[in-house]
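J.: Just to be clear, the model below is a prediction. Sequence and coordinates:
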Amino acid sequence: MAGHSHWAGIKYKKALADSRKGKVFSKIAKRLTMAAKTAGGDPDTNLELRYAIDEAKSANMPKDNIERAINKGLGNIEGASYEAVVYEGYGPGGVAIMVEALTDNRNRTASEIRKIFERNGGNLGDTGCVAWMFERKGMVTVQAAEDDEEQLMLAVMEAGALDMERINDIYEIATEVSSLHDVKAAIEEAGFAVGKAEIQHIPRNTIDLGADDGRRILRLVEALDDQDDTESVSANFNVPDEVMAEVAEG
């Protein structure tokens, strides 16, 4: 499948750091609340809620926190009212970027996202300017180890995965949105630890960047991902291995 990029591997490492800081809980709580608000509180019929619950459990989010976030979405507990917003723009080297956010203040979030783009050599575009370069798929990441590729490949393909690719020390497994839960379960049943399992906008094609633009785009996407309302960042770039090594050591 075209479009795998180095950003997934970076996000895997970043998720580990965020989980240690506890920052990830607030973002998952928003996702749980929005999913419950949009399609109800039954994960058997609400796939977005099921995926959010799976992510919460993977992050060791306390059960009480999960239930509270869902009840906020159902209106059983008072709380902020969130709306889903997608921002599109370009980064250094002409890289296309999509930012999915959940916000209780659209004007504030738009202003902050715009400033992040501008401060890091990018520009926020109009709705639809880059969406056509991406397709919505499930994505699962697994830490790579020696001599496990064949076993993992067999497990995910039998569960309905579209493709699996190794990028540095991370396996990226792409799925249809409806198959994400089944593929994740198959990976775990085969004895592998899932890093991230989420729905993403996967680029149809990628842009290879030099070292300078690579460093600049990494600063931009990480700043976007750190913004409090951001749920996910998708981008269509690849960077040199030496730049990836710098990020891994940082």
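T.: That came through, no problem.
J.: Surely Val140 and Val183 touch.
T.: Yes - Val140 lies in contact with Val183 (C-beta atoms under 8 Å); the separation is 5.9 Å. The C-beta positions use only the backbone N, C-alpha and C, and glycine is treated the same way.
J.: if you count what's nearby, which of these two comes out ahead?
T.: Val183 (27 against 24; other C-beta atoms under 10 Å).
J.: And the more buried one, how far from Ala211?
T.: Note on Val183: its distance to Ala211, by C-beta to C-beta, to the nearest Å, is 35 Å.
J.: Domains in this structure, by residue range?
T.: 9-74, 83-132+205-249, 133-203 (automatic domain parsing).
J.: Let's have those in TSV, adding mean pLDDT.
T.: Shown next, in TSV, are those (pLDDT from 0 to 100):
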stretch	mean pLDDT
domain 9-74	81
domain 83-132+205-249	90
domain 133-203	88
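J.: Which helix or strand contains the residue of the chain most remote from its centre?
T.: Distance from the C-alpha centroid of the chain peaks at Asn76, with 28.4 Å (C-alpha atoms, centre = their mean). Per DSSP states H and E: Asn76 is located in neither a helix nor a strand.
J.: Next: Met153.
T.: With DSSP H and E as the test, Met153 turns up in helix 149-158.
J.: C-terminal to that helix, what's the next element?
T.: strand 163-167.
J.: you'd agree Leu47 is up against Asp182?
T.: No - using C-beta under 8 Å, Leu47 makes no contact with Asp182, being 11.1 Å away.
J.: in the chain, which spans are strands?
T.: 83-90, 96-103, 123-124, 134-143, 163-167, 170-175, 194-203, 207-208, 230-235, 237-238 (DSSP state E).
J.: Asn65 versus the residue farthest from the centre of the chain, what's the distance?
T.: 15 Å.
J.: same check, this time on Thr141
T.: 23 Å.
J.: neighbour-wise, which of the two wins?
T.: For Thr141 versus Asn65, neighbours defined as other C-beta under 10 Å are more numerous around Thr141 (22 against 15).
J.: Identify the nearest residue to the more buried one in space, disregarding sequence-adjacent positions?
T.: Setting aside the residues directly before and after it, Thr141 is nearest to Gly195 in space (C-beta to C-beta, 6 or more residues apart in numbering), at 4.0 Å.
J.: Give me the neighbour count for the one you found.
T.: 21.
J.: Surely it is in contact with Asp169?
T.: No - judged on C-beta under 8 Å, Gly195 makes no contact with Asp169 at a distance of 10.6 Å.
J.: what's the overlap in contacts for those two?
T.: Gln143 (C-beta atoms under 8 Å, 6 or more residues apart in numbering).
J.: so Met98 sits right up against Ala131, yeah?
T.: Yes - because the distance of 6.7 Å satisfies C-beta under 8 Å, Met98 is recorded as touching Ala131.
J.: Which neighbours do the two have in common?
T.: Common neighbours of Met98 and Ala131 (C-beta under 8 Å, 6+ apart) are 86, 88, 201.
J.: Give the closest residue to the first one in space, chain neighbours not counted.
T.: Okay, so that is Val86. Nearest to Val86 is Glu100, by C-beta to C-beta, 6+ apart, at 5.5 Å.
J.: ok, now which ones touch the one you found?
T.: 84-86, 201, 230-234.
J.: what are the bridge partners for it, then?
T.: Using DSSP bridges, the bridge partners assigned to Glu100 are Val86, Ser232.
J.: How many residues are close by Leu47?
T.: 17.
J.: what separates it from Glu83, distance-wise?
T.: When Leu47 is compared with Glu83 (using C-beta to C-beta), they lie 20 Å apart.
J.: re the thing from before, what about the shared contacts of Met98 and Ala131, which one has the most neighbours?
T.: Of the shared contacts of Met98 and Ala131, with other C-beta under 10 Å as the count, His201 tops at 25 neighbours.
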